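A.B. asks: 3D model of this:
(one chain, ligands or ions: 2)
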Amino acid sequence: MAGDTRRICARAQEEGGRTVTKVLGIESSCDETAVAIVEDGHHLLATSLTSSAQIHALYGGVVPEVAAREHAMAIMPVLDSVLAHSRLSLSKIDGVAVTQGPGLLGALLVGVTFAKSLAAALNIPVVGVHHLQAHLYANALEESLHFPALALLVSGGHTSLLLWRNYLQWEVLGETRDDAAGEAFDKGARILGLAYPGGPEIERLAKRAAKKSLRLPVADMAGTLDFSFSGVKTAAKSLWQAHRDEPEEVAYALQDAVIKALMKNIERALARYDVKQIYVAGGVSANRALRDALRHLGMVRNINMSIPRIEYCTDNAAMVAALGYYRLREGQTMGGFEGPRPLWPLATVR
Ligand code: KG4
Ligand code: ZN
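C.D. replies: Numbering: from 1, shown residues only. Ligands and ions are numbered 1, 2, ... in the order given. Predicted structure coming up:
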């Protein structure tokens, strides 16, 4: 709404003539309750996060009702902590951004309801953002963004390759047809009897592999930029049955197969699109072997490869606030009757 944007600008002027816009971001789509304050879409003033992952680990995966309850209990203390760290009062906040989807309905509901109530009480605009697009904006916290770019999103629920044309314009080039890359790690870890979330566990084990001679196949969606990771889980099960005395080697084979599948599609996309910049985001991009492979590719192809710092690869609220700034700047806000969007295809985001 134009009026809201004018209000942000007016508030910015009051702050001393500079265009200053402090956006409070809220993330509650899965098991992390996070709040952050970001200025001008890139300058992180404060961030706070708590995770219920340890509780879910007891069940081998996220339990939606438990996640929602934990968000309801944590959100106020997490907000208080961010305000204390930033030394700001709520009256200094110009806008609120919240993950509207995709994610767990009950978990999203806590964040969205909290964000709308806060914005109404403060009489400031609120915008709902897409969680995956927010992941990409973790890169805005590190450096200015450059377009056009290729973007690889690798999280627990999604694996997508995008052509990122401009701040709020992108095109989905390829997506997973079944499991996400993070799911391959999580399910593989479960097969090996490791804790949830599986990615860090597989990485830890894979690092200790000495032989590195076991291999797992990953389906190649030839001719497309799509991915498929469901077969690797079945193959990992068979490999584990045959090599029960070598968990490190099996973990390495799984990690290697997922990384190769991701790299292959990036190479394929580079052959089709003339870009000089690649952005990577999502929880799986915390994986050091993947980061090394991506950086190596960037070096040999002379492409600027941007990967957020490890703490901003996994779910956080700074990325939500950063994206929120750009959307609020365009006057985009969440309607009064809008709620969470647990299933929200990236391709339909406007
Ligand atoms: O983006 P994210 O924090 O949450 C979602 O939006 O899904 O991603 C979580 C996923 C999980 O599947 C987790 O196992 C994976 O990211 N992950 C990793 C690593 N750290 C987290 N996968 C591989 N290596 C890691 N170090
Ligand atoms: Zn995420």
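A.B. asks: Apart from its neighbours in sequence, what residue is nearest the residue in the stretch 201-350 of the chain that ligand 1 sits nearest to?
C.D. replies: When scored by C-beta to the nearest ligand atom, the stretch 201-350 of the chain has residue 283 as its residue closest to ligand 1, at 2.1 Å. No exception for glycine: its C-beta is placed from N, CA and C like everyone else's. Excluding the flanking residues, the one nearest residue 283 by C-beta to C-beta, 6 or more residues apart in numbering is residue 314, at 4.5 Å.
A.B. asks: ok, now how distant is that neighbour from ligand 2?
C.D. replies: 7 Å (C-beta to the ion, to the nearest Å).
A.B. asks: Could you report the distance from that residue to residue 125?
C.D. replies: 28 Å (C-beta to C-beta, to the nearest Å).
A.B. asks: near ligand 1, which residues of the chain?
C.D. replies: Residues of the chain lying close to ligand 1 (C-beta under 6 Å from any ligand atom) are 30, 155-157, 182, 185-186, 197-200, 203, 282-284, 286-287, 314-315.
A.B. asks: Residue 264: neighbour count?
C.D. replies: 15 (other C-beta atoms under 10 Å).
A.B. asks: and what of the one 10 residues further on?
C.D. replies: The criterion is other C-beta under 10 Å. On that basis, residue 274 has 7 neighbouring residues.
A.B. asks: do the same with residue 350
C.D. replies: Residue 350: 6 neighbours (other C-beta under 10 Å).
A.B. asks: circling back: shouldn't the residue nearest to residue 283 be in contact with residue 284?
C.D. replies: No: contact criterion C-beta atoms under 8 Å: residue 314 and residue 284 do not qualify, at 9.3 Å.
A.B. asks: and the residue of the stretch 101-250 of the chain nearest ligand 2?
C.D. replies: residue 155 (4.3 Å; C-beta to the ion).
A.B. asks: contacting residues for that residue?
C.D. replies: Contacts for residue 155 (C-beta atoms under 8 Å, 6 or more residues apart in numbering) come out as 132, 135, 180-182, 282-284.
A.B. asks: swap in residue 205?
C.D. replies: Residue 205 sits in contact with 192, 194, 247-248, 251-252, where contact means C-beta under 8 Å, 6+ apart.
A.B. asks: Let me have those in TSV, extended by pLDDT.
C.D. replies: Formatted as TSV, the contacts of residue 205 follow (pLDDT from 0 to 100):
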residue	pLDDT
192	97
194	93
247	97
248	98
251	98
252	98
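A.B. asks: and which of those residues is nearest residue 71?
C.D. replies: residue 194 (25.7 Å; C-beta to C-beta).
A.B. asks: neighbours around the closest one, how many?
C.D. replies: Neighbour tally, residue 194, other C-beta under 10 Å: 20.
A.B. asks: Quick check: it is in a strand.
C.D. replies: No: Residue 194 is assigned coil when assessed by DSSP: H, G, I helix; E, B strand; the rest coil, not a strand.
A.B. asks: Not counting its neighbours along the chain, what's nearest it?
C.D. replies: residue 201 (4.0 Å).
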